[in-house]
Each structure stands twice: as C-alpha cells, then as structure tokens.
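Asker: Generate coordinates for the sequence data below:
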Amino acid sequence: MLGKMLRIVFGAIGVLTGYTIADTVLMNLLAPGEPGLKVIIYLSSCLVFGTLMFYFTGLLFNVFTRFFGKAESSVSNVTFYEVVIGTMGLVVGLIVANLASIPFRGLPIAGNAISILLNIGLGIGGIYFAISRKDEINLDAFRKKKNGDGSKILDSCVLIDGRIIDIIKSGFLEGRIMVPNFIVKELQAMADSQDQTKRSKGRRGLEVLEAMVKELEFAEVVETEFDETGQETDVKLLKYSGKSKCRIITTDYNLNKVAAVMGISVLNLNELAQAVKKMAFPGEKFYLNISKEGKENGQGIGYLDDGAMVIVENGREHIGKERQVTVTSITQTSAGRLIFARIE
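Answerer: Reported below is the predicted structural model:
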C-alpha cells in the first residue's frame, strides 16, 4: 500500500516537473505563434516525466525495502568505531561534493539536480571508502571490539559432543547462542553420509541442536553471508565470528589455536572440563579401585570419577580390589593430570 501511494505522489511530482521544464526551457526554443505544438510539448513533457517518476519510484522503493530489511538484521553488529569512521567519511564526502558542485550552480534547473546528485553520490562514497579503510585509520580511543553482548557461536563439534546441554542446564552459560546455517548444513551432510561413524555423529549433532532450539529455547539458527560459499567450515566460522565479534564455543584444539592467532575469543569445553576436575594434593588419602597393571614393575592403575589416571606404586597385587591410597605427587601433561600414589 505504501509503495502505491509513493508512486502516485512522485508521479504527480514528475508531472509538475515536466510542466516546469517545458515552460521554462522548451518554450523558449519555439518560435512564437505555434499554440498547437506548445500544447503537445506540454503534454509530452508532463507524460514523460510523470511516467519516469512513477516507474523509478517503484524500483527505488523495492531496493530500499530489501536494503533496510538486511540492514535491520545486521545493524546490531555495527561498532561505535565504525559509526565514527562512517560519519567522518560522510562529512568529507559532502565537503568534496559541495566544492565540486560550485561550477554547476549557475545552470538553470539542471544545476540544482547536479548538486543533489553529487551530494548523494559522494556522501555514500565517502562512507563506503571510510568503512573499507577502517583498519588503516588510527582511532584507538574509539576502536574497541564489541563482544556481541555476550553472544556466542557454536561449532559443530560441540553439538556432536553433547556436553553443551548439561552446561546450559547448569546455568553457567548466558547470552545469545547462535548456530550459523552452514554449521547445520555440515551436520546434515554428515547425517546423510555413507560412513556409519560420520552418520552417527551428524545425527547426534542434529538431535542436540533440536533440543537446544525447541526444548531448551537457548539457541537459534542464523543465516549468514558465508552459507553458500565454498570455503571450509572452520574458515567460515572464524570469519563470521570476527565480523559479529562473538566468541566461539568449540572442542577443536586446532581451531582454538588459529582463533587465538586471529585475536578471536574462544571457549573450549575441554579446557573447561580440565579446570573443574577435582584436585588432589600430596598426602591426600582416598579409596581407589585398581583396575589394571602399569608399565613399570609392581605398578597398578586406577581412575578417578573425572577420568584422571592414578598410578599406584605397589598396586599390582591389588588389581580388581578397592584400596586406600595416599597421593605422593601430581604431574600435569598434555593429555591431562597424572596422579602418583601408593598403598600404605
């Protein structure tokens, strides 16, 4: 309805513009005493400009509707730094436009039109140039990364892992949880794979995602401009996270390292699991089920509830039994903690 009203209004403006141009420009080119030709020129000018305004108003309305629809979905990702840079570009563009329009101001009718077009074109051009060169402009006082208001992006490996459900239920996560559409497509491709292992992982990830979206109402699937690109999923994830200024939740060690190099914040569930494991201290005593023998003579091995390995010095003869052990030392390795103990 709004589009039709705008077309009618601007069509009427086009008719008036056509009449004005015919009266001020075209009539001066005709010899006096030709009333019939004057009427034809007036009608033709009004019809042409009215039709052009009516038609182009519809096109512009559709363009602006699509533009502002996309802008509304992405405006929350704009930082204050980008607003400042864009404003500076607009001001510079308008200054250049006004200087460039000085020679055209003396022209009748066309002078104002040229001035307006220069202001619009150079103003938008100034904004685009400033934003595209924002990394080369040093305004460190304003340039602060936006953390997306606590928003986080889930990697596919987290959905396949499944522990995210328990973490959400515990209340330790807050803020908006987003799953890009290209992550969903990756899980779907895995679920349709001929490989049994991949198929099981893909279905597991989709089940966890469904629980998060429908049951827990704690996540949402979002469309991105990277969905249809042929890049690898990790590359898309890093680019989208860098653009949206959101943290990535993952269990991928390599992705964690690459993100650190790129300055992208990551929450690694494996690191969280290591951090919340129960601590053991030298001299502490507890009961342990010794399940198998160790590599060295006389050693027995048992495991705590969190999976930490306990190497018992004299525990080989107690395999299959629960015994009280005393912690002697603790060693941290890349694979986790190793706890050394002995049976008193």
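Asker: Mind listing what's buried along stretch 318-330?
Answerer: The neighbour-count check on stretch 318-330 (16 or more other Cβ atoms under 10 Å) flags 318-319, 323, 325, 327, 330 as buried. From N, CA and C alone the C-beta is placed, and that goes for glycine too.
Asker: from those, which is closest to Glu284?
Answerer: Nearest to Glu284 among these: Val327, at 4.7 Å, using Cβ to Cβ.
Asker: Give me the pLDDT value at the closest one.
Answerer: Here the pLDDT value assigned to Val327 is 91.
Asker: and if you look at Asn268?
Answerer: As predicted, Asn268 sits at a pLDDT of 90.
Asker: just to revisit the earlier point, quick check: the farthest pair among the buried residues of stretch 318-330?
Answerer: Going by Cβ to Cβ, the pair spanning the buried residues of stretch 318-330 furthest: Ile319 and Ile330, at 22.5 Å.
Asker: if you go through the stretch 101-250 of the chain in chain order, where are the strands?
Answerer: Along the stretch 101-250 of the chain, the stretches classed as strands by DSSP state E, counting those that start in this stretch are 152-154, 177-180, 220-222, 247-250.
Asker: okay, the ones you listed, which one's buried deepest?
Answerer: strand 152-154 (a mean of 24; mean count of other Cβ atoms under 10 Å).
Asker: Any chance of TSV for the buried residues of stretch 318-330, columns distance to Lys257?
Answerer: Below are the buried residues of stretch 318-330 laid out as TSV (distance: Cβ to Cβ, whole Å):
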residue	distance to Lys257
His318	41
Ile319	39
Arg323	41
Val325	36
Val327	32
Ile330	26
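Asker: and of those residues, the nearest to Gly162?
Answerer: Closest to Gly162, out of all of those and judged by Cβ to Cβ, is Ile330, at 29.3 Å.
Asker: The closest one against Ile311, yeah?
Answerer: No. Ile330 is not in contact with Ile311 according to Cβ atoms under 8 Å; the separation is 10.7 Å.
Asker: Out of the strands of the stretch 101-250 of the chain, the one nearest Arg163 is which?
Answerer: Closest approach to Arg163 among the strands of the stretch 101-250 of the chain is made by strand 247-250 (10.5 Å; Cβ to Cβ).
Asker: With that, I have no additional questions.
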